[in-house]
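**Student:** fold the stuff below for me.
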Amino acid sequence: MHAWLASALRRFYPTAPAETQPSLTLDIARGERVAFQVVVRTEERDEQITAQVAAPEGVTVQTRRVGYVPLRHLNTQTPLNDVEGVGHIPGLVPDPLLPEATLHAGPHETNAFWITLHTSADRPPGE
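**Tutor:** Next up, the predicted model:
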């Protein structure tokens, strides 16, 4: 199995290839929140995968599984170079954030967990 970190601004489809990004820098102010993804890709066999996140004091963590919904067509009357998801759509598209920290992934499948960090308003500054 491969696992990597990714921005919350990207979408990962079930057939997306594995990537490598072992670390991610996030900037967050006191009393605010930020999100990122933990993405996993299985190899030859299915896997039961659970995401666990440890955070420093004053930071709370919300972990959700990224679910998929079927999308039958690409957007109409849109130039192909402006369409996101070419090669994956029609098919399953990542969209709902489900209140689950465990998933069952089939072989050769990519899935993601959406991690949201909330900082307390009185958290001292630091890295």
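
**Student:** the residue positioned nearest the centre of the chain bridge partners, please.
**Tutor:** The residue lying closest to the centre of the chain (CA atoms, centre = their mean) is Gln37, at 3.3 Å. Taking DSSP bridges as the rule, Gln37 bridges to Ala6, Trp114.

**Student:** pretty sure it sits against Leu9.
**Tutor:** No: using CB atoms under 8 Å, Gln37 is not in contact with Leu9; the gap is 9.5 Å. Yep, even glycine has a C-beta here, placed from its N, CA and C like the rest.

**Student:** what pairs with the longest strand anywhere in the chain, parallel or antiparallel?
**Tutor:** In the chain, taking DSSP state E as the definition, the longest strand is strand 59-71. Paired strands of strand 59-71, with direction, are strand 91-98 (antiparallel), strand 110-119 (antiparallel) (DSSP bridges).

**Student:** quick one: mean pLDDT for it?
**Tutor:** Confidence over strand 59-71 (mean pLDDT, whole number) is 96.

**Student:** show me the shaky parts of this structure.
**Tutor:** For the chain, no stretch is flagged by pLDDT under 70.

**Student:** OK, contacts around the residue located most distally from the centre of the chain?
**Tutor:** Centroid-distance maximum for the chain: Gln77 at 29.0 Å, with CA atoms, centre = their mean. With contact set as CB atoms under 8 Å, 6 or more residues apart in numbering, Gln77 has no partners.

**Student:** tell me the secondary structure at it.
**Tutor:** coil (DSSP: H, G, I helix; E, B strand; the rest coil).

**Student:** and it, how far is that from Val83?
**Tutor:** The gap separating Gln77 from Val83 is 11 Å, by CB to CB, to the nearest Å.

**Student:** now Met1
**Tutor:** Distance, Met1 to Val83, by CB to CB: 30 Å.

**Student:** one step back: a markdown table for the strands paired with strand 59-71, including distance to Ile28?
**Tutor:** Formatted as a markdown table, the strands paired with strand 59-71 follow (distance: least, CB to CB, whole Å):
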| stretch | distance to Ile28 |
| --- | --- |
| strand 91-98 | 19 |
| strand 110-119 | 6 |
